[in-house]
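Enquirer: Structural data only, the sequence is not supplied:
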């Protein structure tokens, strides 16, 4: 499994306040609208192979052809976010890619010296992983398989941006 030729699906930033960051990005770039999920529900979370809680919220919006995400972590536990940005840090965290086989992609990265920093599964069944590519890329990669639920979410965010008039830029949703 190689990642060559896979297009970026999302660019994500770690921030202290997802709503403020999304509004600032909207004002500067016209991105959005942003769909906020507070306290993303996880059924499993491991940081570097150790089970650890991950309480985070995310805002997802469309920025041209790619989704942009702003994420904040609410708990102080170790995580892929805190690996790059200890308390108070902020910046580009990851670029997301769809892979056909998550386990194979993680194994390929491990052999290449890029360990899995975080592996988690949402309560809706979407598994995602952050691969630590900070040495080579300066940021993490988020990998996940394109399930119907995930691709449907991406399509919903993109459709909301199509012809959007800029009203109601922050929309809270519950999954």
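Expert: Happy to help now that I have it. Since we're looking at a predicted model, the values are computed, not measured.
Enquirer: Give the buried residues for stretch 64-79.
Expert: 66-73, 79 (16 or more other CB atoms under 10 Å). All C-beta spots, glycine's among them, are computed from the backbone N, C-alpha and C.
Enquirer: just stretch 143-156 next, same as before
Expert: Those would be 143-145, 150, 153-154, for stretch 143-156 by 16+ other CB under 10 Å.
Enquirer: Narrow the buried residues of stretch 64-79 to those in strands?
Expert: Judged by DSSP state E, the subset of those located in strands is 66-73.
Enquirer: Greatest separation within the residues you listed: which pair is it?
Expert: 66 and 73 (22.6 Å; CB to CB).
Enquirer: Same question for stretch 129-145: list its buried residues.
Expert: Those would be 129-134, 139-145, for stretch 129-145 by 16+ other CB under 10 Å.
Enquirer: And for stretch 164-175?
Expert: Buried-residue list, stretch 164-175, by 16+ other CB under 10 Å: 164, 169-170.
Enquirer: Quick one: mean pLDDT over it.
Expert: The average pLDDT within stretch 164-175 is 93.
Enquirer: Check stretch 40-50 too.
Expert: On average, stretch 40-50 scores 98.
Enquirer: Show the end-to-end separation of that stretch, please.
Expert: Start-to-end span of stretch 40-50 (CA to CA, to the nearest Å) is 19 Å.
Enquirer: Pull the residues that contact that stretch.
Expert: Residues from elsewhere that reach stretch 40-50, judged by CB atoms under 8 Å, 6 or more residues apart in numbering: 51-54, 56-58, 77-80, 115-124, 175.
Enquirer: Which ones among the buried residues of stretch 143-156 lie within helices?
Expert: 150, 153-154 (DSSP state H).
Enquirer: Of those, which is the nearest to residue 7?
Expert: residue 154 (12.1 Å).
Enquirer: residues of stretch 24-44 that come out buried?
Expert: 25-26, 31-38, 40, 42.
Enquirer: between these, which is closest to residue 5?
Expert: Set against residue 5, the nearest of those by CB to CB is residue 31 (25.7 Å).
Enquirer: With pLDDT as new columns, can the ones in strands among the buried residues of stretch 64-79 be given to me in JSON lines?
Expert: Formatted as JSON lines, those follow (pLDDT from 0 to 100):
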{"residue": "66", "pLDDT": "96"}
{"residue": "67", "pLDDT": "98"}
{"residue": "68", "pLDDT": "98"}
{"residue": "69", "pLDDT": "98"}
{"residue": "70", "pLDDT": "98"}
{"residue": "71", "pLDDT": "98"}
{"residue": "72", "pLDDT": "97"}
{"residue": "73", "pLDDT": "97"}
